[in-house]
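Enquirer: need coordinates for the below:
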Amino acid sequence: MTVLALAPVLGLFMLAGATSFTGDPSVFILAGLAVFGAILLLGLLLCVPRPARPLWRWVRGALVLGTAGLAVWQVSAAVLTPPPLPGALRPVPGQATWSLPTGSELAYVRLAPRGQARPEPVVVVQGVPDLGGDAAVFAGLADRTVYLYDRLGTGRSARLADPSGYTAARDVADLEAVRQAIGAERMIVLGHSAGAEVATAYATAFPDRVAKLVLSSPTPAASAVRFAGLDTTQSRRLALSLLHPRSLAIDTLAQVDPAAARAFASDAELDARLDARNALVAPALSCPGASPYRPRGAGGLAALSRRPAPLLRAEPAVPTLVIRGACDPAPPLGRFASARRVEVPGAGHHVYRDRREPYLKAVNEFLAG
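Expert: Now for the predicted structure:
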């Protein structure tokens, strides 16, 4: 039985190792399937007793070969068959594009202030982007020009041909290029979830260009989600999604060679797979009984290949607000000792979606303070 259990593990190991020698998906996928089939066949031969009579030995051999062949055929079909894909994200009202000196093409929306604008605009760095829905929320920031944008490789922004370009340094460089594009000497940076990492890294690198910093649910959802918070049915669905042969192949390739994952699966499929996985874990990010928020546009390959920014030991030297939902499964950050902290009751990880009014009230008070 141990050999049987090793078959998928060694198959994935061979899949990952073959990418060191070739970027051709037909070669490294075939190599992984071949090792899986060989180890599976060996395991079946060891598990099924060898009869004494020659006739039954032939029967045993036929059964073992047939079982191994059927298993390899089923796994091959699951690995090689792409799922049906949803339609592409449609443009939202007011959407435009920044073509930045960094080479990034970023989709954004500008929200005009109500009345006379204050000097520093607000730039919102999203985690999982939703330009249309988030614009409806952040329009409630009083007397501020607000810019929301999708980070490179997410939402409606461009995808890179070379996934090694998805880095924390590129995100920070893009944000500085955004500041220059909007002509702001200083700006207020609001980062949500994974976007809070970018906001923190930027404020650390360019403290003189950040008037204030708002960190909203600053621990990324992906690092907070476990099976805790999901019921039995939801946990089973998530497990089956993670253990699907094609998902295992894509996740393995993305960890060892994102370019190989891109050669095997399209950006559209990678995006759709991550969105589907996020939808499965959405209940764990919400308060019990609440309707979970399921955004699209996480950016499959960017999220799988982008390495998080290194943990910063010194907090940025700018006024900082840390705001999170009381039901957020992510643990509160121990850093930012001098930051103002607000916990919103009845809100989960997507705090500004769950409790819009108290969220905006806390942020507006901090900005006006």
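
Enquirer: please make it C-alpha for all contacts and neighbour counts, starting now.
Expert: Noted.

Enquirer: gap between Leu242 and Phe264?
Expert: Using Cα to Cα, to the nearest Å, one gets 17 Å for the distance from Leu242 to Phe264.

Enquirer: with Ala347 instead?
Expert: Taking Cα to Cα as the measure, Ala347 and Phe264 are separated by 39 Å.

Enquirer: do Ala68 as well
Expert: Going from Ala68 to Phe264 by Cα to Cα gives 25 Å.

Enquirer: tell me where the stretch 251-369 of the chain has helices.
Expert: Counting by DSSP state H, counting those that start in this stretch, the stretch 251-369 of the chain has these helices, from start to end: 258-264, 267-281, 300-305, 351-354, 356-368.

Enquirer: which parts of the first one are buried?
Expert: Burial within helix 258-264, assessed by neighbour count using 16 or more other Cα atoms under 10 Å, is assigned to 258-262, 264.

Enquirer: and those as CSV, adding pLDDT?
Expert: Below are those laid out as CSV (pLDDT from 0 to 100):
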residue, pLDDT
Pro258, 88
Ala259, 88
Ala260, 89
Ala261, 88
Arg262, 87
Phe264, 91
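
Enquirer: ok, those residues vs Val79, which is closest?
Expert: Of all these, the one with the least separation from Val79 (Cα to Cα) is Phe264, at 10.2 Å.

Enquirer: surely the closest one and Phe28 touch.
Expert: No. Using Cα atoms under 8 Å, Phe264 makes no contact with Phe28, being 9.6 Å away.

Enquirer: which helix runs longest in this structure?
Expert: With residue count as the measure and DSSP state H as the assignment, the chain has helix 54-80 as its longest helix.

Enquirer: and Arg53, what does it touch?
Expert: Taking Cα atoms under 8 Å, 6 or more residues apart in numbering, we find Arg53 in contact with no residue.

Enquirer: right, and the helix or strand after the helix-or-strand element of the chain with minimal mean pLDDT?
Expert: With mean pLDDT, DSSP states H and E as the measure, the helix or strand of the chain carrying the lowest mean pLDDT is helix 221-224 (a mean of 52). Counting by DSSP states H and E, the element after helix 221-224 in chain order, helix or strand, is helix 232-243.

Enquirer: got the buried residues for that following helix?
Expert: Of the residues in helix 232-243, those scored as buried under the neighbour-count criterion (16+ other Cα under 10 Å) are 234-235, 238, 241.

Enquirer: how about those in CSV, adding pLDDT?
Expert: Below are the buried residues of helix 232-243 laid out as CSV (pLDDT from 0 to 100):
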residue, pLDDT
Gln234, 78
Ser235, 79
Leu238, 83
Ser241, 85
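
Enquirer: looking at the residues you listed, spot the one nearest Gly195.
Expert: The shortest gap between Gly195 and any of the buried residues of helix 232-243 belongs to Leu238, at 24.7 Å (Cα to Cα).

Enquirer: let me know the pLDDT of Leu333.
Expert: Per-residue confidence at Leu333 stands at 68 (pLDDT).

Enquirer: how close does the spatially most central residue of the chain get to Leu80?
Expert: Central residue of the chain (Cα atoms, centre = their mean): Ala303, 4.0 Å from the mean position. Spatial separation of Ala303 from Leu80 under the definition Cα to Cα is 22 Å.

Enquirer: ditto for Gly37
Expert: In this structure, Gly37 and Leu80 are 15 Å apart, going by Cα to Cα.

Enquirer: and Ile182, by the same measure?
Expert: Applying Cα to Cα, the value for Ile182 to Leu80 is 45 Å.

Enquirer: one more: Leu240?
Expert: Distance from Leu240 to Leu80, by Cα to Cα: 17 Å.

Enquirer: CA atoms only for stretch 357-369, dumped as CSV, please.
Expert: Coordinates of the C-alpha atoms in stretch 357-369 are reproduced here as CSV (Å, rounded to 0.1, in the frame of the first residue of the first chain):
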residue,chain,number,x,y,z
GLU,A,357,-20.5,52.4,7.1
PRO,A,358,-18.4,51.8,10.2
TYR,A,359,-15.4,51.1,8.0
LEU,A,360,-15.7,54.4,6.1
LYS,A,361,-16.4,56.2,9.4
ALA,A,362,-13.1,54.9,10.9
VAL,A,363,-11.1,55.7,7.8
ASN,A,364,-12.6,59.2,7.3
GLU,A,365,-11.9,60.0,11.0
PHE,A,366,-8.3,58.9,10.7
LEU,A,367,-7.8,60.9,7.5
ALA,A,368,-9.4,64.0,9.0
GLY,A,369,-7.5,63.6,12.3
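
Enquirer: ok, and the closest non-adjacent residue to Arg186?
Expert: Spatially, and ignoring its direct neighbours in sequence, Arg186 is nearest to Arg209 (4.4 Å; Cα to Cα, 6 or more residues apart in numbering).

Enquirer: can you get me a residue count around the one you found?
Expert: Burial measure for Arg209: 19 neighbouring residues, criterion other Cα atoms under 10 Å.

Enquirer: residues in contact with it?
Expert: The contact partners of Arg209, by Cα under 8 Å, 6+ apart, come to 185-187, 203.

Enquirer: nearest to Ala290, of the helices of the stretch 251-369 of the chain?
Expert: Sorting the helices of the stretch 251-369 of the chain by Cα to Cα, the top spot, which is the nearest, belongs to helix 351-354 at 8.6 Å.

Enquirer: what's the closest one packed up against?
Expert: Where contact means 3 or more Cα pairs under 8 Å, 6 or more residues apart in numbering; DSSP states H and E, helix 351-354 is packed against helix 356-368.

Enquirer: buried residues in the helix it packs on, which are they?
Expert: Using 16+ other Cα under 10 Å as the test for burial, helix 356-368 gives 356, 358-360, 362-364, 366-367.
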